[in-house]
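K.L.:
the sequence isn't on hand, but the structure is:
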């Protein structure tokens, strides 16, 4: 059974179509990459999946139940974790407290029950040194790691990553990718929007290419990268 | 995915907080004994300080934690006060009991108020709350049984016969007016303890952590499963309850009410905001420090007439510019001292975690 199923999802902002008849499914434990030029509707698609934007038509099923009209909070509680493209830490809380909130609320448990798990996630994501530092004092890489760690603390079954490797140096990117690969290996399904293709393709099993709100291809990464449409539109190569 | 790690522990208490807990207990014992030690004038000043502190703690919870910047809290002060007057004058209820009724009525007012004002955000919410306060003031000014626009006084018998007053006269040999002042003072002291206790308990709880997350970033808080709207509503109702009780208590002591005074935006909101801002928003210590400074300034500048308000305003602006987290924030940053710590500090584990985090807010 697929963990996430989109069926004919459409969304318009006035005259602008940002999602047109988008249908695809993500299997349990699968990693799907989403690519497309700027303005293709990638982040909108994320917001449709997480419920921050309501779809005009179509349906979304998550873990077998219809969540098309469920608010973001409820989707989080049912096992959907997300990171924001622009990191949105709780700046005045410490890094550890950022995870505690996510752990305690995202999995409906007490702070005491989730604190060990939160500390482990900090170790896994390389943030343990910063555990008691205010999140507002973090660097960009650390903020991106915090986004990831906080999403993990909610104990997601599906993790949505929005351009998490963007703006990082080569070395930073490599270590972040290693972390994501570990998360994926632990059985969590991942949907990952990314412009840094080599990072993306080293993790995902399938790629989905978006253009003007439409799916122009979905399949194995090398097939998608070779396809005429993708090369023409996304890579800007005349074929 | 995870390696075995030595176990972590989470701590909130600091050395300063343990010491201060003992100091606070000593101070409270002294405060309860005050009516036997100091003059009636001092008790009345202390009553003023305590009730302003309750209002300030509530506004701080609303604005500093729930992000609800209200300039209409006088709605609940006035409504609470009028409820108490109505219950005493029209139904002969004891003033002390009427104070509790006032709290419940304020919550009843807050429910429809929240329905309208929660549709608004930021500055629009602020203006919305003010409009609500004005509407309630205008409505109550029409109530002829309670003196209409000019107001009315509590019957003398009501305050003389209040629960506890007779007992205090017999026990301590106080005059009725003295006993009345001592009683309202003790009630104010209990209200301060209950309010600070409630707020500190809330902030230490899981809900308090969620509230801090909502304050910092509402969208992200929703994304990790925090019900931001529910949390804000609960805070709004809780502060309405306490503010209504404080309003009623203030007017039991004043024993004279008028719509303009009971719904004064200057007395019950502007001063309160001043107290919170100069003391330090988003901390429990801030309003405590703020109310003391406010009281001293008020006495110091009392002879300067309207210059007094100008000076308060200038001081408020200066602090906002140079110490945006207030005087307590300034002090706490330098010394690391927190009397009411809420930080969850992670200790132990494979690394020595020693980084000092500043206080919330």
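P.N.:
Great, that's in hand. Note that the coordinates shown come from a computational prediction; the quantities given were computed from them, not determined experimentally.

K.L.:
which residues touch residue 90?
P.N.:
All of this is about chain A. Contacts were defined as Cβ atoms under 8 Å, 6 or more residues apart in numbering or on different chains; by that measure residue A:90 touches A:97, A:98, A:101, A:135, B:212, B:213, B:216, B:217, B:220, B:221. From N, CA and C alone the C-beta is placed, and that goes for glycine too.

K.L.:
not quite, go with chain B.
P.N.:
Contacts of residue B:90 (Cβ under 8 Å, 6+ apart): residue B:145.

K.L.:
ditto for residue A:207
P.N.:
By Cβ under 8 Å, 6+ apart, the contact set of residue A:207 is A:32-35, A:200-201, A:217-221, A:224-225.

K.L.:
residues contacting residue A:48?
P.N.:
A:6, A:9, A:11, A:19, A:54, A:55, A:60.

K.L.:
at 6 Å what do you get?
P.N.:
Residues near residue A:48 by Cβ atoms under 6 Å, 6 or more residues apart in numbering or on different chains: A:9, A:55.

K.L.:
pLDDT of the host helix or strand of it, averaged?
P.N.:
Residue A:48 belongs to helix A:42-50 when assigned by DSSP states H and E. Across helix A:42-50, pLDDT averages out at 91.

K.L.:
give me the sheet partners of the following helix or strand past that helix and which way each runs.
P.N.:
Later in the chain than helix A:42-50, the nearest helix or strand by DSSP H and E is strand A:57-62. Strand A:57-62 has these partner strands in its sheet, going by DSSP bridges: strand A:2-13 (antiparallel), strand A:65-66 (antiparallel).

K.L.:
quick one: residue B:107 from residue B:43, how far?
P.N.:
Using Cβ to Cβ, to the nearest Å, residue B:107 is found at 30 Å from residue B:43.

K.L.:
okay, these two: which has more neighbours?
P.N.:
Ranked by neighbour count (other Cβ atoms under 10 Å in any protein chain shown), residue B:107 and residue B:43 place residue B:43 first, with 20 against 17.

K.L.:
close to chain B: what parts of chain A are there?
P.N.:
Residues of chain A lying close to chain B by Cβ under 6 Å from any Cβ of the partner chain are A:72-73, A:76-77, A:82, A:88, A:90-94, A:96-97, A:100-102, A:104-106, A:111, A:115, A:119-120, A:128, A:131-134, A:154, A:182, A:186.

K.L.:
ok, back up a step: closest to chain B among the contacts of residue A:207?
P.N.:
Distance to chain B, by Cβ to the nearest Cβ, is smallest for residue A:34 among those, at 18.3 Å.

K.L.:
can you get me a residue count around the closest one?
P.N.:
Residue A:34 sits with 27 neighbouring residues when counted by other Cβ under 10 Å.

K.L.:
with the one 5 residues further on instead?
P.N.:
The local packing count at residue A:39 equals 14, with neighbours defined by other Cβ under 10 Å.

K.L.:
does it count as helix, strand or coil?
P.N.:
The three-state label given to residue A:39 by DSSP: H, G, I helix; E, B strand; the rest coil is coil.

K.L.:
what separation do you get for it and chain B?
P.N.:
Per Cβ to the nearest Cβ, to the nearest Å, residue A:39 is found 21 Å from chain B.

K.L.:
which residue is the nearest non-sequential neighbour of that residue?
P.N.:
Ranked by Cβ to Cβ, 6 or more residues apart in numbering or on different chains and with sequence neighbours excluded, the top spatial neighbour of residue A:39 is residue A:212, at 8.0 Å.

K.L.:
and the one you found, how far from residue A:42?
P.N.:
For residue A:212 relative to residue A:42 (Cβ to Cβ), the value is 11 Å.

K.L.:
which one of these two is surrounded by more residues?
P.N.:
Using other Cβ under 10 Å as the criterion, residue A:212 and residue A:42 rank with residue A:42 on top: 23 against 16.

K.L.:
wait, what's in contact with the more buried one?
P.N.:
By Cβ under 6 Å, 6+ apart, the residues touching residue A:42 are A:34, A:36, A:193, A:210.

K.L.:
what pLDDT does residue 118 get?
P.N.:
Using chain A. pLDDT for residue A:118: 93.

K.L.:
the intended chain is chain B.
P.N.:
Per-residue confidence at residue B:118 stands at 90 (pLDDT).

K.L.:
quick one on the thing from earlier: list only buried entries from the contacts of residue A:90.
P.N.:
Among those, those classed as buried by 16 or more other Cβ atoms under 10 Å in any protein chain shown are A:97, A:98, A:101, A:135, B:212, B:213, B:216, B:217, B:220, B:221.

K.L.:
domains in chain A, by residue range?
P.N.:
Listed domain ranges for chain A are A:1-79+A:157-239, A:86-155 (source: automatic domain parsing).

K.L.:
out of the ones you listed, which is the most enclosed?
P.N.:
The highest mean neighbour count among the domains of chain A, using mean count of other Cβ atoms under 10 Å in any protein chain shown, belongs to domain A:86-155: a mean of 22.

K.L.:
show me what the helix or strand harbouring residue B:124 is packed up against.
P.N.:
Per DSSP H and E: residue B:124 is located in helix B:122-140. Contact partners of helix B:122-140 among helices and strands, from 3 or more Cβ pairs under 6 Å, 6 or more residues apart in numbering or on different chains; DSSP states H and E: helix B:74-91, helix B:95-117.

K.L.:
which of the contacts of residue A:90 fall in helices?
P.N.:
A:97, A:98, A:101, B:212, B:213, B:216, B:220, B:221 (DSSP state H).
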